[in-house]
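A.B. asks: Model the structure of this input:
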Amino acid sequence: MKNRIVASLCCLGVAGLVFAFGDLLIDQENVIFKANQEPEKFAALTTSGAYYWWAGRGFLGVFLEMVGTLGLYFHLQQTKAEKWAFAGLLLTLTHQLLGMGVFAIAYFLFPAAGALYQNGIPQAIPFVTMQGALGLFFALSLVCTMAGLACMAVAVQKSGKLPKLSGWLALLGFALIPVPGVIVQFVANITWGAAYFWMAWHIVKTMAATKLQRNEAIGRLQGVLKD
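C.D. replies: Predicted coordinates for the structure are as follows:
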């Protein structure tokens, strides 16, 4: 079971790497949030080949996040912090389900609007601005992310089964993602990905120490029986 949990947490770490290096594919992803202010830049970005790779990698990243979140909850399930972990699970899964929608919009709708704009149909731009329902959808995903990670951070700290600061490190990384700048977003994703690799490594070390203690106990018992 613990091996599967380690693998799940590594999925979260890999997700961080997927998002981090994916952000290097385009100059500045914040342009997609300024379609009404800079429609030319929005259209140029969303119709580029690199953009499709950037948006497409989101599906893989979110899927890996879902796998890892379930593994983290299973690890915390039998601790005194289970209620916090369960709340974090529900909120984080909500974020991830919304996240699939976010990347579906980014992958399918934004390029279509950009292409229409470039072909002389500026009326397409209002459908992809961050005002109204679309902006609310993106904001709801972000709020669920922060709330879910905060609950998980409390659960990790209270559980005593993982490094106390690892959950807060993951929260810090996600909190930095909305900050403009490719380098900032790269560092942000690396940060939260590293937090989950840290958790996985802690479990591996704990398993190794437990196995060593068990082998030493067996060795002492065998020595007593021989005497």
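
A.B. asks: alpha carbons only for contacts and neighbour counts from here, please
C.D. replies: OK.

A.B. asks: secondary structure element for N36?
C.D. replies: Applying DSSP states H and E as the criterion places N36 outside every helix and strand.

A.B. asks: wait, doesn't it sit right on Q131?
C.D. replies: No. In this structure, N36 is not within contact of Q131 by CA atoms under 8 Å, at 9.3 Å.

A.B. asks: Mind checking which of the two has more residues around it?
C.D. replies: The residue with more neighbours, out of N36 and Q131, is N36; 18 against 13, by other CA atoms under 10 Å.

A.B. asks: any idea how far A106 is from I32?
C.D. replies: Distance, I32 to A106, by CA to CA, to the nearest Å: 9 Å.

A.B. asks: Repeat that for V184.
C.D. replies: 21 Å.

A.B. asks: for the chain, which spans come out with low pLDDT?
C.D. replies: The model of the chain has pLDDT under 70 over residues 29, 209-227.

A.B. asks: who's in contact with D27?
C.D. replies: V182 (CA atoms under 8 Å, 6 or more residues apart in numbering).

A.B. asks: and it, what element?
C.D. replies: Using DSSP H and E, D27 falls within no helix or strand.

A.B. asks: For it, give me phi and psi.
C.D. replies: Here is the backbone geometry of D27 (degrees, to the nearest 10): phi -70, psi -50.

A.B. asks: Find the residue closest to A153 in space, skipping its chain neighbours.
C.D. replies: Leaving aside its chain neighbours, A153 sits nearest to G167 (4.0 Å; criterion: CA to CA, 6 or more residues apart in numbering).

A.B. asks: Contact partners for G71?
C.D. replies: The contact partners of G71, by CA under 8 Å, 6+ apart, come to 4-6, 8-9.

A.B. asks: So for the protein, the centremost residue is which one?
C.D. replies: E65 (5.2 Å; CA atoms, centre = their mean).
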